[in-house]
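In: coords below, sequence missing:
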């Protein structure tokens, strides 16, 4: 379902760049509407977090105690979210609503707070613009971890879109990674892990390597789709993977794997 909404979101961007001068309201409605259909609790919880952090952003400059307090609030939110997530997995029968996207969003809030406190950005004045950057659909559920001030800036810039071909190619590449490569590896990996006491050690080792490939194709495929969709809106998301399996050292491997988190 998420892939369907992402592709529809991207195609809407092609039209919007030609006919709509102010894209903020359109992006906000499309993003919030899609999130509400996929996970209503996520939308409500993240809007609450966004409002709370908007207040922090307005007042933390030169206020060390408030800055530290706001960081601790976000870290506590992240910890409670993961505890809640574990409870959902353990007691799925209880009908507990699932929250998605909170961890990525919390890291973006912390990034924004640090930028304001250390005077690397200015506090947002327009809550609508800020909320649009927060709820921006392509990066909401699975990253990449983007800088909220950069998304706010890109939303305000209206220019001719020369990235349509690139964006569509990037989306097709991501779909191929996720739906063909990752899905083809999944049955093999599950078979090895489910019956690891039956297979010889070399087969289990090969299964572990294939699992790493499956994760890479799945996660980098989503990142490709998100980046491609954003380019259709003339919004730039950071790269998340830089050919990690081609790197020559473990340190370069980790720098190239989920690099938006490393840069954060």
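Out: Thanks, I have it. Here the structure is a predicted model, which is why all the values come from computation and not from measurement.

In: doesn't residue 206 make contact with residue 193?
Out: No - counting by C-beta atoms under 8 Å, residue 193 does not reach residue 206; the two are 11.8 Å apart. For glycine as for every other residue, the C-beta is placed from the backbone atoms N, C-alpha and C.

In: look up phi and psi at residue 257.
Out: Per-residue torsions, residue 257: phi -100, psi 120 (degrees, to the nearest 10).

In: pretty sure it is touching residue 241, no?
Out: Yes - using C-beta under 8 Å, residue 257 is in contact with residue 241, at 6.5 Å.

In: who touches both of the two?
Out: Residues touching both residue 257 and residue 241 (C-beta atoms under 8 Å, 6 or more residues apart in numbering) are residue 216.

In: so where do the helices sit in the stretch 101-250 of the chain?
Out: Taking DSSP state H, counting those that start in this stretch to define them, one finds helices in the stretch 101-250 of the chain at 102-117, 127-135, 137-140, 148-156, 164-175, 183-194, 201-232, 250-256.

In: check what pLDDT the residue nearest the centre of the chain gets.
Out: Compute the mean C-alpha point of the chain, and by C-alpha atoms, centre = their mean the closest residue is residue 143, 1.6 Å away. At residue 143, the pLDDT value in this model is 76.

In: among the helices of the stretch 101-250 of the chain, which is nearest residue 51?
Out: Closest to residue 51 of the helices of the stretch 101-250 of the chain is helix 127-135 (C-beta to C-beta; 8.0 Å).

In: enumerate the positions of the closest one that are buried.
Out: For helix 127-135, a neighbour-count test (16 or more other C-beta atoms under 10 Å) marks 129, 130, 131, 132, 133, 134, 135 as buried.

In: ok, the closest residue to the second one other than its chain neighbours - contacts?
Out: Of all residues not flanking residue 130 in the chain, residue 124 sits nearest, at 4.1 Å (C-beta to C-beta, 6 or more residues apart in numbering). The contact partners of residue 124, taken as C-beta under 8 Å, 6+ apart, are 54, 57, 130, 149, 152.

In: if we can go back for a sec, nearest to residue 78, of the buried residues of helix 127-135?
Out: Nearest to residue 78 among the buried residues of helix 127-135, counting by C-beta to C-beta, is residue 134 at 15.5 Å.

In: how near is the closest residue to residue 199 other than its chain neighbours to residue 216?
Out: Excluding the flanking residues, the one nearest residue 199 by C-beta to C-beta, 6+ apart is residue 192, at 6.0 Å. According to C-beta to C-beta, to the nearest Å, residue 192 stands 17 Å off from residue 216.

In: circling back: okay, now the closest residue to the residue nearest to the centre of the chain other than its chain neighbours: neighbour count?
Out: Leaving out its chain neighbours, the residue that sits closest to residue 143 by C-beta to C-beta, 6+ apart is residue 104, at 5.1 Å. Residue 104: 19 surrounding residues under other C-beta atoms under 10 Å.
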